[in-house]
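# any chance you could fold what I've pasted below:
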Amino acid sequence: MKAGFRILLFVAALGFLICSRQPVQAQCAQCAATVETNTQSGGNAAKGLNNGILFLLGAPYLAAGILGYIWYKKYRRKNVDISMRKEKLHLN
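Sure, this is the predicted structure:
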């Protein structure tokens, strides 16, 4: 009963989140206005802002990849002897 209640609660919360979504702006109003004005006057602030967003997007994936590589190198088995029997297996 407890597990069923948790699942029901999770599904209800997820349903409320999906039904109550609203469009959002990715930047604050001041940043958006500054970038728009800078772009109209020939500046390149938008390019720098986009590069910063891409850097922030890629940083967690890079960190996870580095940790995964370290874990793989540290915990993989080395010099494992796999000895198989020479006789055939009879499964019947």
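# spatially nearest residue to Cys31, not counting backbone neighbours?
Ranked by C-beta to C-beta, 6 or more residues apart in numbering and with sequence neighbours excluded, the top spatial neighbour of Cys31 is Leu49, at 7.5 Å. For every residue, glycine as well, the C-beta is placed using N, CA and C.
# separation between Lys73 and Ala46?
Lys73 sits 41 Å away from Ala46 when distances are taken as C-beta to C-beta, to the nearest Å.
# what about the two, which has more around it?
Each of Lys73 and Ala46 has its neighbours counted (other C-beta atoms under 10 Å); Ala46 has more, 13 against 8.
# residue closest to the middle of the protein?
With the centre of the chain defined as its mean C-alpha position, the nearest residue by C-alpha atoms, centre = their mean is Tyr61, 6.7 Å away.
# what residues of the helix or strand where that residue lies count as buried?
Assigning secondary structure by DSSP states H and E places Tyr61 in helix 45-75. Burial within helix 45-75, assessed by neighbour count using 16 or more other C-beta atoms under 10 Å, is assigned to Leu49.
# residue numbering should commence at 665 henceforth.
Shifting the count to begin at 665 puts that one at helix 709-739.
# right, I'll call it a day here.
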